[in-house]
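Peer 1: give the three-dimensional model of this entry:
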Amino acid sequence: MQNHQEQKLKNELVLIIGSNNVITGDLKTKSYRTGIRVGEGSAIAVVTPNDLIQLWKVVKLCVSRDKILIIQAANTSLTGGSTPNGDDYDRDVVIINTMKLDKLIVLNKGNEIIAFPGATLYKLEKELIPLNREPHSVIGSSCIGASIVGGICNNSGGNLINRGPAYTELSLYARLNINGELELINHLGINLGNEPEEILTNLQNSNFDSFNIAKTKKKGSDNNYKYRIRDSNANTPARYNADKRRLYEASGCAGKIVVFAVRLDTFPKTDSKQVFYIGSNEPSTFTQIRKDILINFNNLPDMMEYMHYSSFDGASKYGKDIFLIIKYLGKHFMPLFFKFKRLIDLFISIIPFIQENIFDQILQLIVNFLPDHLPNRVREFRYRFNHYLIIVSSDSVIGETKNYLKDNFQMKEHIDYFECNEKEGSDILLHRYVSGLAPKRSQVLNNNLSSELLPLDIALPRNCENWYELIPEELINNSYQSFQMAHFMCMVFHWDFVLKKDADYKYLKEKILKQLDQIGAKYPAEHNVGHFYKADEELANFYKELDPVNCFNAGIGQLSKNKFYK
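Peer 2: Numbers count the residues shown, from 1 in each chain. As a prediction, this is how the structure comes out:
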């Protein structure tokens, strides 16, 4: 009976979107059911619609057949939030991958844009270049093809201090109400008609005047963030996933609704930019730098990133291949690379007697023989210091930063800095971003010595000064390798631990999170809770309000996977 029902659903899906866009079978769907970093589960089908109308019809069909829907784009799945988790759902799971829905519509001479579900940060960045504008995020997750809508749904970003995390109050989405009725809600602030297919057709074909959009009081970005972050004495974090100030319909929804489009602000491109690189063996000095800048600078730098030597070395060893690919082939190549890698891994997985991680081993072996990819001055600082701070300043802030560093840290024994030339600046920023891929690569390559990856995405209180003393020694001792880095201005830390074989994962996770609770930290900071973190009561209520039936991304935030959350 079950197979008959699955086949019937598949036939109905094929009638809507064609056989090439309906994928079934455990082997063929594996890459969609498995996150790049964590997460894996069962699904009876993966569908890849070609346009918004097809997406709407697929959702209508699956809802009418009482299926659970998981909407994903690039499937980076840093916390397991864009894949199924296990096979203990009370209904069948269907995955809808939206990467083919990648249209962007430029509004008001580039001051705003509309993004469809599969449009990527990289595509937006490229499209805005002629308009001398930029999106809220310009690298980082864009290196692995992350979607704009995914960033909105997952509360991503915020390391670009003057732009804030991904946020909008302007979106077009579908939800299933408490009566089981599918509703399409147009809050884009643009008149697209009345009926769902009329609205979606007009948007798909850009049937409206994009140069004459009515002004709205609703926000297309978190424009208060750069002021909120200034309060360095606050005992609460600057930003975190469950912050009720940034939970609004699509923003922070974690896939509990189906987002068809979002409308966002863009930002002026700066005229000039300067990267400053600081090394120190006394991390408390970085705390003082942060407070001085927040309190005394007229304007804030664009970015302030912290790297511990563990993260520096991890990126140097395990991120070298990605560094070289991005540097010489460009960010646009990365989604293709990851797709190719997944296909290779999938092919290898069905061949007996071949290690599953052989492709990673080959990549690692190749880059080990290549020359050092980092500039000499950056490498020299690694030998001298254990802690590093990257400050990116633009326009008038360049002068403020120069004068501050010169007056306070020139010719000091415990700290040193230099102003990067263009190559050094580009390379150190790229080095910082590929460090995020190092923990997973370390786990994969050392799986004979290590066990699970414990990734922590933590927002510390803005007044936290002993951040470098918070990790329990017991956790370090139970880790094969650990990696530490941060978006330092807002005190958002990424601590990743590749645990030893005999380590007690559950005990160690509970211990560190309990300790963080005691100091008022929040987690996760900038990714959705996925299946890794438990949603607090306020966030859980937000999810239930959006999706009272529990039809979309069931089980997120460790909530019930059953219908109506029973």
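Peer 1: now Arg263: how far from Leu499?
Peer 2: 42 Å (CB to CB, to the nearest Å). To be clear about C-beta, it is placed using only N, CA and C from the backbone, and glycine gets the same treatment.
Peer 1: where does this protein dip in pLDDT?
Peer 2: 1-2, 77, 139-145, 411 (pLDDT under 70).
Peer 1: if we use 80, what do you get?
Peer 2: For the chain, applying pLDDT under 80 flags the ranges 1-3, 35-39, 76-80, 138-145, 157-158, 210-212, 331-357, 410-413.
Peer 1: Phe340 and Lys440, how far apart?
Peer 2: According to CB to CB, Phe340 and Lys440 sit 17 Å apart.
Peer 1: show me where the stretch 451-566 of the chain has its helices.
Peer 2: 473-477, 505-518, 537-546 (DSSP state H, counting those that start in this stretch).
Peer 1: so for the last one, what gets flagged as buried?
Peer 2: When neighbours are counted by 16 or more other CB atoms under 10 Å, the buried residues of helix 537-546 are found to be Leu539, Ala540, Phe542, Tyr543, Lys544, Leu546.
Peer 1: and the closest residue to the first one other than its chain neighbours, what does it touch?
Peer 2: Nearest in space to Leu539, with sequence neighbours left out and distances taken as CB to CB, 6 or more residues apart in numbering, is Ala242 at 4.0 Å. With CB atoms under 8 Å, 6 or more residues apart in numbering as the criterion, the residues that contact Ala242 are Gly252, Lys522, Val529, Ala535, Asp536, Glu538, Leu539.
Peer 1: can I get these in a markdown table with distance to Asp231?
Peer 2: Shown next, in a markdown table, are the contacts of Ala242 (distance: CB to CB, whole Å):
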| residue | distance to Asp231 |
| --- | --- |
| Gly252 | 22 |
| Lys522 | 16 |
| Val529 | 26 |
| Ala535 | 26 |
| Asp536 | 22 |
| Glu538 | 22 |
| Leu539 | 23 |
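Peer 1: buried subset of those, written for ChimeraX?
Peer 2: Buried residues within those, by 16+ other CB under 10 Å, are selected in ChimeraX with:
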select :252,522,529,535,539
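Peer 1: what is the nearest of the contacts of Ala242 to Asp360?
Peer 2: Val529 (28.1 Å; CB to CB).
Peer 1: helix or strand for the residue nearest to Leu539, which one?
Peer 2: Using DSSP states H and E, Ala242 maps to neither a helix nor a strand.
Peer 1: nearest to Asn376 among the buried residues of helix 537-546?
Peer 2: Leu539 (46.8 Å).
Peer 1: more neighbours: Phe340 and Lys440, which one.
Peer 2: With neighbours defined as other CB atoms under 10 Å, Phe340 and Lys440 compare such that Lys440 has more, 20 against 12.
Peer 1: now do the contacts for the nearest residue to that one once chain neighbours are set aside.
Peer 2: Closest residue in space to Lys440, ignoring its immediate chain neighbours: Arg37 at 5.2 Å, by CB to CB, 6+ apart. Applying CB under 8 Å, 6+ apart to Arg37 gives the contacts Thr76, Ser77, Leu78, Lys440, Leu453, Pro455.
Peer 1: helix, strand or coil for Arg37?
Peer 2: coil (DSSP: H, G, I helix; E, B strand; the rest coil).
Peer 1: so it versus Asp504, what's the distance?
Peer 2: The value you get for Arg37 to Asp504, if CB to CB is used, is 21 Å.
Peer 1: how close does Tyr404 get to Gln410?
Peer 2: For Tyr404, the distance to Gln410 - CB to CB - is 11 Å.
Peer 1: same check, this time on Phe297
Peer 2: Distance from Phe297 to Gln410, by CB to CB: 18 Å.
Peer 1: so which bits of stretch 363-372 are buried?
Peer 2: Leu363, Gln364, Val367.
Peer 1: need the residues that contact that stretch.
Peer 2: For stretch 363-372, using CB under 8 Å, 6+ apart, the contacting residues are Tyr318, Lys320, Asp321, Leu324, Arg379, Arg441, Leu445.
Peer 1: go again using 6 Å as the cut-off
Peer 2: Lys320, Asp321 (CB atoms under 6 Å, 6 or more residues apart in numbering).
Peer 1: how far does it sit from its chain's centre?
Peer 2: From the chain centre to the centre of stretch 363-372 is a distance of 28 Å (CA atoms, centre = their mean, to the nearest Å).
Peer 1: can you give me the end-to-end span of it?
Peer 2: Length of stretch 363-372, first residue to last, CA to CA, to the nearest Å: 15 Å.
Peer 1: one more: stretch 182-194?
Peer 2: 15 Å.
Peer 1: change the start of the numbering to 48 and stick with it
Peer 2: All set: I'll call the first residue 48, so the last point we hit is now stretch 229-241.
Peer 1: show me what it is in contact with.
Peer 2: By CB under 6 Å, 6+ apart, stretch 229-241 touches 107, 110, 217-224, 243, 246, 249-250, 255, 263, 310.
Peer 1: in helices only, show me these.
Peer 2: If you go by DSSP state H, the contacts of stretch 229-241 have Lys107, Val110, Pro243, Ile246, Asn249, Leu250 in helices.
Peer 1: and the two most separated of those?
Peer 2: Those two in the ones in helices among the contacts of stretch 229-241 that are separated most widely, counting by CB to CB, are Val110 and Asn249, at 22.9 Å.
Peer 1: between the two, who's got more neighbours?
Peer 2: Between Val110 and Asn249, Val110 has the larger neighbour count (other CB under 10 Å), namely 20 against 17.
Peer 1: so Gly602 makes contact with Lys608?
Peer 2: Yes: between Gly602 and Lys608 there is a contact under CB atoms under 6 Å: 3.9 Å.
Peer 1: ok, the buried residues of helix 584-593 vs His461, which is closest?
Peer 2: Leu586 (41.6 Å).
Peer 1: how about the strands in the stretch 48-197 of the chain?
Peer 2: Here the stretch 48-197 of the chain has its strands, by DSSP state E, counting those that start in this stretch, at 69-70, 92-94, 115-119, 140-144, 151-154, 159-162, 180-181.
Peer 1: contacts for the third one, please.
Peer 2: Going back to what we said before, that points to strand 115-119. So strand 115-119 is contacted by 109, 129, 136, 138, 140-144, 302, 305, 599-601 (CB under 6 Å, 6+ apart).
Peer 1: distance to Glu520 and neighbour count for the residues you listed - can I get that in a markdown table?
Peer 2: Converted to a markdown table, the contacts of strand 115-119 look like this (distance: CB to CB, whole Å; neighbours: other CB atoms under 10 Å):
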| residue | distance to Glu520 | neighbour count |
| --- | --- | --- |
| Cys109 | 49 | 24 |
| Ser129 | 34 | 30 |
| Tyr136 | 40 | 19 |
| Arg138 | 45 | 18 |
| Val140 | 41 | 25 |
| Val141 | 46 | 24 |
| Ile142 | 41 | 24 |
| Ile143 | 45 | 25 |
| Asn144 | 43 | 23 |
| Gly302 | 37 | 25 |
| Val305 | 46 | 27 |
| Phe599 | 42 | 25 |
| Asn600 | 37 | 31 |
| Ala601 | 38 | 25 |
